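In: Just to be clear, the model below is a prediction. Sequence and coordinates:
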2 protein chains.
Amino acid sequence: MGLGVVGGGVADALLQNPSPVSERVGRAVNLRRVLVRDTSRSRDVEVPPGLLTTDAGEILDDPEIDIVVEVMGGSDPAADYFRRALESGKHLVTANKEVMAKNGVDLLELAQANGVTLRFEASVGGGIPIVGCLMNELAANDIYHIRSIINGTTNFILTRMALQKAPFAEALAEAKGLGYAESDPTNDVEGIDAAYKLTVLATLAYGRRFRPEHVYRQGISALEPQDFRYAEEFGFAIKSLAIADIQDGEVQLRVYPALVPAENMLGNVNGVYNAVEVHGSLTGRVLFHGMGAGRGPTTSAVLGDLVATARLMSRETSLAGPRHFKEQAAVRSIGSVFTRYYIRLIVADQAGVLAQIARALGDEGISIASVLQKDTDLESQSAEIVIMTHPAQESFVQRALLSIGNLEPVRRIGNMLRIEE
Amino acid sequence: MGLGVVGGGVADALLQNPSPVSERVGRAVNLRRVLVRDTSRSRDVEVPPGLLTTDAGEILDDPEIDIVVEVMGGSDPAADYFRRALESGKHLVTANKEVMAKNGVDLLELAQANGVTLRFEASVGGGIPIVGCLMNELAANDIYHIRSIINGTTNFILTRMALQKAPFAEALAEAKGLGYAESDPTNDVEGIDAAYKLTVLATLAYGRRFRPEHVYRQGISALEPQDFRYAEEFGFAIKSLAIADIQDGEVQLRVYPALVPAENMLGNVNGVYNAVEVHGSLTGRVLFHGMGAGRGPTTSAVLGDLVATARLMSRETSLAGPRHFKEQAAVRSIGSVFTRYYIRLIVADQAGVLAQIARALGDEGISIASVLQKDTDLESQSAEIVIMTHPAQESFVQRALLSIGNLEPVRRIGNMLRIEE
């Protein structure tokens, strides 16, 4: 299979050898051409010069290219490239929320008419697989609502304002400094980016044509530090939410900063993270939480779509399962686990017990991080000792516990539990 | 397309008219036969008597049945039915974690050899679409680890023990009373059920053959109320986790109660909820949270698989998109939003201001839930008033704000934010 890429962002993943895509598809998927603005610019990733082009036609008109991947962004000229690719029978994988929000249904219909697929997992939620889940895994549900945090830049700014009670301008400057906000942050802080994404999600959830203009938008720039203080006093966090809900067949779409109960999962989505809560008729509320942007998550989504497209193409001769399983690998025993441990012991309430226990642990190289000692039963003169260890390998902990169990003043090992952080 | 169902659990959803499956596939998917133990037993759902059978052959040998759905559970005779269905060229959709854990890879290979699909979303995580996501959306990632809460019964018991510091036996009895635990709870409380599910997830994540015996298991019955008290003192919750991780190509699989930081998302998964955290090489950590069991979530997963299977069958003549979009529906305006509101006002610090504001709200039928009044600036003699309203329709709130903005002592409307609970 031949592959053309519009925009340079994911080319490194496609140039890897062995190719993760080919490996997962079980068939060679070869990168043939990468469209860039300037072939002479130096790049993070070394692309063989023969692959680079500034002429879109070299991808869109190449009959050897079966799948076009678009990661350039913006609606012009991307929307035009999309039409040309689909009309010439090429499958399309895109990260473009703007084009999908403005022309998504027309393009899906054009793909259908041309017998090809159009996938766009990377357009919403980055590494959160919400697009595919709405189309496939959750397809049997009627969707009651979607409530989401789908713009990492605003969520970063709001998290800063909440933690530091910083003014908006200061938090925005910090976001710019870290590369989370662009020099013109309008698209993010005014909710335009989130409105595009919400349009895409609503289109999938309700199976209808929505446009970005259907989304009511309120930005975050008018928020002041005292709003966060007061919200906190009332037990709320402030989050910029993108919400779609339906009532009597009518849909309401909105992006605005809202008060969310502090104990609510959405209220605890911080920094550049994204989250999407879907309330389905069968499944109830399902929450997805993960990184909403960045090279890794975008690449994950684009390559996932690419694998799905290539698998579907390969499956023309078979309707079979998704991958080949390797023979069984070595499985590590529980003794190889390396973590911290919680150990509760019931001991005779007498002097020197802890010293004996510490020695038994020390003999296996295990050091104690903290200890609680509690009198539990005056009548039987027993006490409880609770130990939190520093990280250690479980086989040594098991051996130490055998020794400890044999110590005269130790009546019983109450429990040993691992700590997973 | 013809459909046979083994076990009665999801038959109601398949008997609905119009059929949600046919609607989503764009082609009739007809239920032809339901295998049950006893055709004369009364059922919640009225199944036309002609559809019921106690003879598996009437499904497995019926050439008009293209897809078999299995929701009976247990490995015998289900595993045998699976082989017969796949060998006779029928697609299979199952909720059976035990068979998939013990024979999953063999069955997937058998499906592949027979040119049919085997889907099993409902076998793990109920309404959480983790099976499909590992196979498809996250397919491009190398999976570093999976950490999950995938047994709702134990999570319910542990939540009770944590909240009420109840002994295990008492929390178990409560779970039985509510129908969350079976009369013999061994499979759940000893981690057997979770080990089956973890085997399925690890097989998908690592593309290798694992068996349930590879999973180290520790049940929850030895936990005592004081373990929860001590864990809390150290800042931890106790959760039964199912964990898979890989190191130097070797995989470790374990199910045990562990200490999880209380502020961690997994530490806040309560009651019968499930959660799965996947750490992928590209996507970073993605968390899925939702209902892990019950009729609705299971039906969601089974029907999702059924829709995918039927779409794939229909797509033999086309590789096109996933669904038909209806023409645009009515979109409700922001004025139709019905919620509570946070209103911050900057007012002159003088008597009677609050009364005027309350009157303006009352005139629109909006009642106040609580008020904060703060002196903010002695020099300008201004104060801030923060109002939380009871639920109201936004159009009335907007009108009230217009009136309030015109009140003489009101200097500025600081912010109006909606409360999303």
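Out: Yep, that arrived. All figures in this text were calculated on a predicted structure; none of them were measured in a lab.
In: who's in contact with A:Gly191?
Out: A:151, A:154, A:215, A:217-220, A:240, A:242, A:255-256 (CB atoms under 8 Å, 6 or more residues apart in numbering or on different chains). Where you see a C-beta, it was placed from the backbone N, CA and C, and this is true even at glycine.
In: same question but for A:Arg344, I mixed them up
Out: A:384-387, A:413-416, B:226-227, B:230 are the contacts of A:Arg344 under CB under 8 Å, 6+ apart.
In: Just the buried residues of the residues you listed.
Out: Neighbour-count burial (16 or more other CB atoms under 10 Å in any protein chain shown) applied to the contacts of A:Arg344 gives A:384-387, A:414-416, B:226-227, B:230.
In: So which of these belong to helices?
Out: Among those, the residues falling in helices (DSSP state H) are B:226-227, B:230.
In: what's the closest non-adjacent residue to A:Leu287?
Out: Of all residues not flanking A:Leu287 in the chain, B:His289 sits nearest, at 4.2 Å (CB to CB, 6 or more residues apart in numbering or on different chains).
In: wait, doesn't the one you found sit right on B:Asn270?
Out: No: counting by CB atoms under 8 Å, B:His289 sits too far from B:Asn270 to count as a contact (10.5 Å).
In: What about the buried ones among the contacts of A:Arg344, which are in strands?
Out: Filtering the buried ones among the contacts of A:Arg344 for membership in strands, criterion DSSP state E, returns A:384-387, A:414-416.
In: restrict these to those near chain B?
Out: Filtering these for proximity to chain B by CB under 8 Å from any CB of the partner chain leaves A:384, A:386, A:414-415.
In: check whether the longest helix that chain A contains contacts chain B.
Out: Looking across chain A with DSSP H, the single longest helix is helix A:295-314. Yes: using CB under 8 Å from any CB, helix A:295-314 reaches chain B at A:296-297, A:299-301, A:303-304, A:306-308, A:312-313.
In: Which members of the residues you listed are classed as buried?
Out: A:296-297, A:299-301, A:303-304, A:306-308, A:312-313.
In: and the closest residue to A:Phe338 other than its chain neighbours, how many neighbours?
Out: Counting by CB to CB, 6+ apart, A:Phe338 lies nearest to A:Gln393, which is 5.1 Å off, once chain neighbours are set aside. Using other CB atoms under 10 Å in any protein chain shown, A:Gln393 has 15 neighbouring residues.
In: Return the set of buried residues in stretch A:227-243.
Out: A:227-228, A:230-231, A:234, A:236-243.
In: Ok, stretch A:116-132 next?
Out: Neighbour-count burial for stretch A:116-132 [16+ other CB under 10 Å]: A:116-132.
In: and if you look at stretch A:137-150?
Out: Buried positions in stretch A:137-150, judged by neighbour count with 16+ other CB under 10 Å: A:137-141, A:143-150.
In: which ones among the residues you listed are found in helices?
Out: Reading helices off the buried residues of stretch A:137-150, I find no matches (DSSP H).
In: Let's see which of those residues end up in strands.
Out: Those of those lying in strands (DSSP E): A:143-149.
In: B:His289 and B:Asn270: who's more crowded?
Out: Set B:His289 next to B:Asn270 and count neighbours by other CB under 10 Å: B:His289 wins out with 26 against 16.
In: Where does pLDDT dip in the stretch 51-200 of chain A?
Out: Along the stretch 51-200 of chain A, the model assigns pLDDT under 70 to no residue.
In: so what secondary structure elements neighbour the host helix or strand of the residue nearest to A:Leu287?
Out: Following DSSP states H and E, one finds B:His289 within strand B:284-291. With contacts defined as 3 or more CB pairs under 8 Å, 6 or more residues apart in numbering or on different chains; DSSP states H and E, the packing partners of strand B:284-291 are strand A:284-291, strand B:273-280.
In: Can you say which of those is nearest to A:Gly179?
Out: Nearest to A:Gly179 among these is strand A:284-291; the distance by CB to CB comes to 14.2 Å.
In: hey, C-alpha coordinates of the closest one in PDB?
Out: Only the C-alpha atoms of strand A:284-291 are listed here, as PDB (Å, rounded to 0.1, in the frame of the first residue of the first chain):
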ATOM      1  CA  GLY A 284     -24.800   5.000  31.300                       C
ATOM      2  CA  ARG A 285     -22.000   7.500  31.900                       C
ATOM      3  CA  VAL A 286     -18.600   6.700  30.400                       C
ATOM      4  CA  LEU A 287     -15.600   9.000  31.000                       C
ATOM      5  CA  PHE A 288     -12.500   9.100  28.900                       C
ATOM      6  CA  HIS A 289      -9.500  11.000  30.200                       C
ATOM      7  CA  GLY A 290      -6.100  11.500  28.600                       C
ATOM      8  CA  MET A 291      -3.800  13.900  26.800                       C
END
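In: what's the distance between that strand and the middle of its chain?
Out: Once both centres are worked out by CA atoms, centre = their mean, to the nearest Å, strand A:284-291 turns out to sit 10 Å from its chain's centre.
In: That strand: partners in the sheet, and parallel or antiparallel?
Out: Paired neighbours of strand A:284-291 in the sheet (DSSP bridges): strand A:273-280 (antiparallel), strand B:284-291 (antiparallel).
In: Now do A:Ala222 against A:Asp188, distance only.
Out: A:Ala222 sits 15 Å away from A:Asp188, going by CB to CB, to the nearest Å.
In: between the two, who's got more neighbours?
Out: In this view A:Ala222 and A:Asp188 are compared by other CB under 10 Å, and A:Asp188 has more residues nearby, 25 against 14.
In: secondary structure element for the residue of chain A most remote from its centre?
Out: Distance from the C-alpha centroid of chain A peaks at A:Glu379, with 54.6 Å (CA atoms, centre = their mean). Assigning secondary structure by DSSP H and E places A:Glu379 outside every helix and strand.
In: wait, which of the strands paired with strand A:284-291 is closest to A:Leu15?
Out: Closest among the strands paired with strand A:284-291, once you apply CB to CB, is strand B:284-291, at 21.8 Å.
In: Show which residues not belonging to the closest one make contact with it.
Out: Residues contacting strand B:284-291 (CB under 8 Å, 6+ apart): A:127-129, A:265, A:283-291, A:296-297, B:125-130, B:133, B:138, B:152, B:265-266, B:269, B:272-280, B:297.
In: A:Leu241: which element?
Out: According to DSSP H and E, A:Leu241 maps onto strand A:236-247.
In: strand partners of that strand, parallel vs antiparallel please.
Out: strand A:143-149 (antiparallel), strand A:250-261 (antiparallel).
In: tell me the mean pLDDT over it?
Out: The average pLDDT within strand A:236-247 is 96.
In: Export that strand to PDB, keeping only CA atoms.
Out: Taking Å, rounded to 0.1, in the frame of the first residue of the first chain, the C-alpha atoms of strand A:236-247 are listed here in PDB:
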ATOM      1  CA  PHE A 236     -16.800  24.100  42.800                       C
ATOM      2  CA  ALA A 237     -14.000  24.200  40.200                       C
ATOM      3  CA  ILE A 238     -14.200  26.400  37.100                       C
ATOM      4  CA  LYS A 239     -13.700  24.500  33.800                       C
ATOM      5  CA  SER A 240     -14.300  25.400  30.200                       C
ATOM      6  CA  LEU A 241     -16.800  22.800  29.100                       C
ATOM      7  CA  ALA A 242     -18.000  21.800  25.700                       C
ATOM      8  CA  ILE A 243     -21.500  20.400  26.100                       C
ATOM      9  CA  ALA A 244     -24.000  18.800  23.700                       C
ATOM     10  CA  ASP A 245     -27.400  17.600  24.900                       C
ATOM     11  CA  ILE A 246     -30.700  16.600  23.400                       C
ATOM     12  CA  GLN A 247     -34.200  17.200  24.600                       C
END
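In: Many thanks, I have nothing further to ask.
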